[in-house]
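Novice: I need the structure of the sequence given here:
(one chain, ligands or ions: 2)
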Amino acid sequence: MTVIVLSGPIGAGKSSLTSILSDYLGTRPFYESVDDNPVLPLFYADPKKYAFLLQVYFLNTRFHSIKAALSEDNNVLDRSIYEDALFFQMNADIGRATSEEVDTYYELLHNMMGELSRMPKKNPDLLVHIDVSYDTMIKRIKKRGRPYEQLSYDSTLEDYYKRLLEYYKPWYEKYDYSPKMTIDGDELDFMASEHDRQIVLDQITAKLKEMGKLPEDWDKTTDIRIEA
Ligand SMILES: Nc1ncnc2c1ncn2[C@@H]1O[C@H](COP(=O)(O)OP(=O)(O)OP(=O)(O)O)[C@@H](O)[C@H]1O
Ligand SMILES: Nc1nc(=O)c2ncn([C@H]3C[C@H](O)[C@@H](CO)O3)c2[nH]1
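Specialist: Ligands and ions are numbered 1, 2, ... in the order given. Below you'll find the model as predicted:
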């Protein structure tokens, strides 16, 4: 039984890989709240006003998801609570939160992490990080087409996305809640290429086997077809 959390910048392919991986392993996916998120469009329209509210919204949904995932112990999560502070800290660093909001946020996060540390299963089993360059990130954001994420929507988005990428390297190096691994999201087109999809799945299952989370002879031969 495994809990896998995915991480990576906007448009890296986390939702897509969550779907592929949960199908492959026969586990339950948890998706980030995007289309049903009432605060996200408000945030992109006025980031300074809504950064704190959006973060509390995401933190709350991520807390629910990780608690359920750790209880069920058979899940894949598309972005998790472990990545939450990366976003908020970055927004705070560019002046989108007051010091009171920052203090309140970290107290809330600390309380929530304390709750998790008292659960029978305290941590995920594996973090799968999808690494992408700025160019790939922008290509995917365009392909997906959410209006408020497009560079043409707001001239400051280019700087926001570049800055976000810079925060991921130290975040990944510091992450120590579970074993971790990186997928090369620039090279491996796991949406369009079946060959690349199998490489990604092989990399993840090899890691799970190495950790003793899958039997050595585990072999899934099901044909997986994912809508791009
Ligand atoms: N490896 C890939 N190769 C080609 N296209 C991809 C790949 N991964 C994702 N895509 C496409 O890029 C877009 C973004 O993917 P997805 O929604 O999975 O990203 P995400 O990491 O979940 O984004 P977000 O952080 O915004 O939630 C989608 O249109 C998807 O089909
Ligand atoms: N400010 C902020 N904090 C978060 O924790 C966070 N998580 C995701 N997002 C934004 C990125 C994509 O546009 C969209 C989908 O990932 O939502 C966030 N924005």
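Novice: so how many other residues sit close to the residue in the chain positioned nearest to ligand 2?
Specialist: Proximity of the chain to ligand 2 (CB to the nearest ligand atom) peaks at F87, 3.3 Å away. Yep, even glycine has a C-beta here, placed from its N, CA and C like the rest. A count of neighbours around F87, defined by other CB atoms under 10 Å, yields 18.
Novice: shouldn't it be in contact with F58?
Specialist: Yes. Taking CB atoms under 8 Å as the contact criterion, F87 and F58 are neighbours in contact, 7.4 Å apart.
Novice: still on that earlier bit, tell me the predicted confidence for the residue of the chain closest to ligand 2.
Specialist: According to the prediction, F87 has pLDDT 98.
Novice: quick one: it is in a strand?
Specialist: No. Counting by DSSP: H, G, I helix; E, B strand; the rest coil, one finds F87 to be helix, located in no strand.
Novice: How about it: what's its closest non-neighbour residue?
Specialist: If the residues on either side of it in the chain are set aside, F87 comes closest to Q55, at 6.7 Å by CB to CB, 6 or more residues apart in numbering.
Novice: same question, T136
Specialist: D186 (5.0 Å).
Novice: per-residue confidence at the one you found?
Specialist: 97.
Novice: residues in this protein within reach of ligand 2, list them.
Specialist: Counting by CB under 6 Å from any ligand atom, the residues of the chain close to ligand 2 are I10, E32, V34, L40, F43, L54, Q55, F58, D84, F87, N91, E149.
Novice: so where's the longest helix in the chain?
Specialist: helix 47-72 (DSSP state H).
Novice: which residues touch the residue in the chain that ligand 1 sits nearest to?
Specialist: Proximity to ligand 1, evaluated over the chain using CB to the nearest ligand atom, is greatest for G13 at 2.7 Å. Counting by CB atoms under 8 Å, 6 or more residues apart in numbering, G13 makes contact with I130, V132, R140, G185, F190, M191.
Novice: Try it again at 10 Å.
Specialist: For G13, the contact set (CB atoms under 10 Å, 6 or more residues apart in numbering) comprises 6, 20, 78, 130, 132, 136, 140, 183, 185, 188-191, 200.
Novice: same check, this time on P29
Specialist: With CB under 10 Å, 6+ apart, P29 has these contacts: 4, 6, 15, 17-23, 69, 75-78.
Novice: Could you do D73 as well?
Specialist: D73 neighbours (CB under 10 Å, 6+ apart): M1, T2, V3, T27, P120, K121, P124, D125.
Novice: Check those residues and tell me the two furthest apart.
Specialist: Among the contacts of D73, the pair separated by the greatest distance (CB to CB) is T27 and P120, at 18.3 Å.
Novice: Compare the two (neighbour count), which wins?
Specialist: Legend: neighbour count by other CB under 10 Å for T27 and P120, higher for T27 (20 against 7).
Novice: Report pLDDT for the residue of the chain closest to ligand 1.
Specialist: pLDDT, read off for G13, is 95.
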